[in-house]
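J.: Sharing a sequence plus its predicted fold:
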Amino acid sequence: MDDMDGLEVLKEIRRMPHGPEVVMISGHADINMAVTATRLGAYDFLEKPFSSDRVLLSVKNALERQELSREVARWRKEDEEKYRIIGESKAIKELLEFVKKIAPTNSSVLITGESGTGKELFARLIHRESRRADGPFVMVNSAAIPRELVESELFGYERGAFTGAYTSGPGKFELADSGTIFLDEIGDMPLTTQSKLLRVLQDGECVRIGGRWPKKLDIRVIVATNKDLVEEIKAGRFREDLYYRLNVIPLHIPPLRERIEDIPLLIDYYMRKVCKESGKRPKEISREALAVLIGYPWRGNVRELKNIVERLVAVVEGERIALSDIPFEITSGVPQENKGYKDLRSARFDFEREYIKRILLANAWNITEAAKVLGLERSSLHRKMNRLGLCKEGDF
Ligand SMILES: Nc1ncnc2c1ncn2[C@@H]1O[C@H](COP(=O)(O)OP(=O)(O)OP(=O)(O)O)[C@@H](O)[C@H]1O
Ligand SMILES: [Mg+2]
């Protein structure tokens with residue numbers, strides 16, 4: 001080593017994206033150097049003279065570690081891909097920005113939104129972007145567990161705590177230690193469990209059912225609900241103090257029908273994904289079919305959209321999905337809501353804007369094509385778009 005010393009070589013290697021593990025061997029080592037090398041990421045540090053057995057063992061272990069960390073990286077990438085959030089609407093962009101800001105904190109997050117809007121996806125994203133990303137992400141759905149089992153599921157139990165408890169077991173809180181716990185459908189949690197949950201959150205520790213000793217826990221709490229918790233409080237079904245404890249950072253995901261620019265993107269994404277999984281070529285969607293899909297109110301939000309795409313891929317034989325392929329419940333389900341306009345002028349403005357926006361989306365913002373569908377001159381469509389504040393990027 002002429003120009004660099006061993007530590008500098010180590011630094012360079014550790015900078016490489018998929019660099020190898022490093023075992024340092026030095027003839028004139030002292031403890032300081034060994035500490036520095038370890039801090040810089042050396043896997044092991046051997047002194048000369050060394051035994052070949054010692055080197056072989058070190059290399060073997062280093063390779064094992066490399067294999068493990070590659071496994072974790074692969075697994076994490078898969079996870080990221082599986083739970084990817086698609087959307088370029090203003091609402092989704094703002095939410096993603098917001099998540100970047102709040103993810104590194106430890107504050108509780110309350111995610112609200114209709115069924116199928118992506119509450120779980122956002123909970124996972126917050127965890128991934130937090131400093132706890134290496135820790136566990138544990139999910140509990142209060143609505144899916146029988147009421148009498150909710151508490152043992154959450155807090156764990158000791159042997160003999162109740163009839164049938166022949167062994168002891170940790171609860172989800174213990175399992176989520178140093179990570180994130182995601183309490184889904186929190187609005188369905190029984191009141192007695194809510195009190196216990198509040199205590200766990202306040203004390204930062206948890207006692208198993210039938211247990212004596214509390215265990216200190218380091219957990220980030222994310223909860224989600226599609227219920228209106230303020231209404232639930234009024235009805236006496238949700239504890240107000242728990243609500244304030246949980247609602248430190250509110251995050252609301254708007255329904256799909258309020259961010260229709262995401263609809264074509266989601267259709268495209270799921271079309272590719274479903275087709276890839278079933279070994280088919282992605283199908284095209286005719287303009288009329290797409291226009292109907294954009295206009296549909298999607299009460300089941302992204303989950304419903306995903307199901308429809310899956311169904312279309314399974315059922316439609318040809319390469320192209322036509323209007324006649326779209327299920328009747330969708331073609332017939334495009335209601336005009338009465339939004340309580342103050343006068344005809346504002347109703348017309350709103351309708352015109354909404355309608356033109358849909359046609360533009362369905363034509364991938366090709367003004368010439370959209371003008372044809374609308375029966376307008378290109379220039380007059382331009383004028384209308386200006387007047388209605390419609391443009392492809394940004395706020396519309
Ligand atoms: N923005 C998005 N991009 C891609 N997929 C999405 C998006 N939003 C939701 N999905 C998909 O839709 C389905 C429902 O999402 P998720 O489970 O996160 O919704 P949810 O709000 O938790 O619904 P529920 O209240 O019914 O549990 C999932 O399959 C998810 O992958
Ligand atoms: Mg969910």
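T.: Nice, thanks for sending it over. Numbering: from 1, shown residues only. Ligands and ions are numbered 1, 2, ... in the order given.

J.: Quick check, the residue in the protein closest to ligand 1?
T.: At 2.8 Å from ligand 1, Gly118 is the closest residue in the chain, using Cβ to the nearest ligand atom. Quick note: C-beta positions are derived from backbone N, CA and C, even for glycine.

J.: Looking at that residue now. What's its pLDDT?
T.: Note for Gly118: predicted pLDDT of 97.

J.: what about Gly236, which helix or strand?
T.: Counting by DSSP states H and E, no helix or strand carries Gly236.

J.: since we're on it, how many residues are nearby?
T.: Residue crowding around Gly236 was assessed by other Cβ atoms under 10 Å; the count is 9.

J.: The protein against ligand 1: which residues are in contact?
T.: 85-87, 113, 115-121, 226, 266, 302-303, 306 (Cβ under 6 Å from any ligand atom).

J.: What subset of those residues is buried?
T.: Among those, those scoring as buried are 85-87, 113, 116-121, 226, 266, 302, 306 (criterion: 16 or more other Cβ atoms under 10 Å).

J.: Helices - which of the residues you listed land there?
T.: Lys119, Glu120, Leu121, Leu266, Val302, Lys306 (DSSP state H).

J.: is it true that the second one touches Phe182?
T.: This means Glu120. Yes: counting by Cβ atoms under 8 Å, Glu120 touches Phe182, with 7.3 Å between them.

J.: shared neighbours of those two, anything?
T.: Met139, Ala224 (Cβ atoms under 8 Å, 6 or more residues apart in numbering).

J.: quick one: the strands in the chain?
T.: Ranges of strands in the chain, per DSSP state E, are 23-26, 44-47, 109-112, 137-141, 156-157, 169-170, 180-184, 205-206, 215-216, 220-225, 249-252, 284-285, 320-321.

J.: Next one: His127 from Ile233, what distance?
T.: Counting by Cβ to Cβ, to the nearest Å, the gap from His127 to Ile233 is 27 Å.

J.: who has more neighbours, the two?
T.: More crowded of His127 and Ile233, by other Cβ under 10 Å: His127, with 22 against 16.

J.: Confirm for me that that one is in contact with Val138.
T.: No: counting by Cβ under 8 Å, Val138 is not a contact partner of His127; they are 9.7 Å apart.

J.: what residues are shared contacts of the two?
T.: Listed contacts common to His127 and Val138 are Gly179, Thr180, Phe182; contacts here mean Cβ under 8 Å, 6+ apart.

J.: And the pLDDT for the residue lying closest to the first one once chain neighbours are set aside?
T.: Counting by Cβ to Cβ, 6 or more residues apart in numbering, Gly135 is the residue found nearest to Gly179 once chain neighbours are left out, at 3.1 Å. Gly135 is assigned a predicted lDDT (pLDDT) of 93.

J.: thinking again about what came up before, would you format the strands of the chain as JSON lines with mean neighbour count included?
T.: JSON lines is the format used below for the strands of the chain (neighbours: other Cβ atoms under 10 Å):
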{"stretch": "strand 23-26", "mean neighbour count": "18"}
{"stretch": "strand 44-47", "mean neighbour count": "17"}
{"stretch": "strand 109-112", "mean neighbour count": "22"}
{"stretch": "strand 137-141", "mean neighbour count": "18"}
{"stretch": "strand 156-157", "mean neighbour count": "22"}
{"stretch": "strand 169-170", "mean neighbour count": "16"}
{"stretch": "strand 180-184", "mean neighbour count": "24"}
{"stretch": "strand 205-206", "mean neighbour count": "19"}
{"stretch": "strand 215-216", "mean neighbour count": "12"}
{"stretch": "strand 220-225", "mean neighbour count": "24"}
{"stretch": "strand 249-252", "mean neighbour count": "15"}
{"stretch": "strand 284-285", "mean neighbour count": "20"}
{"stretch": "strand 320-321", "mean neighbour count": "16"}
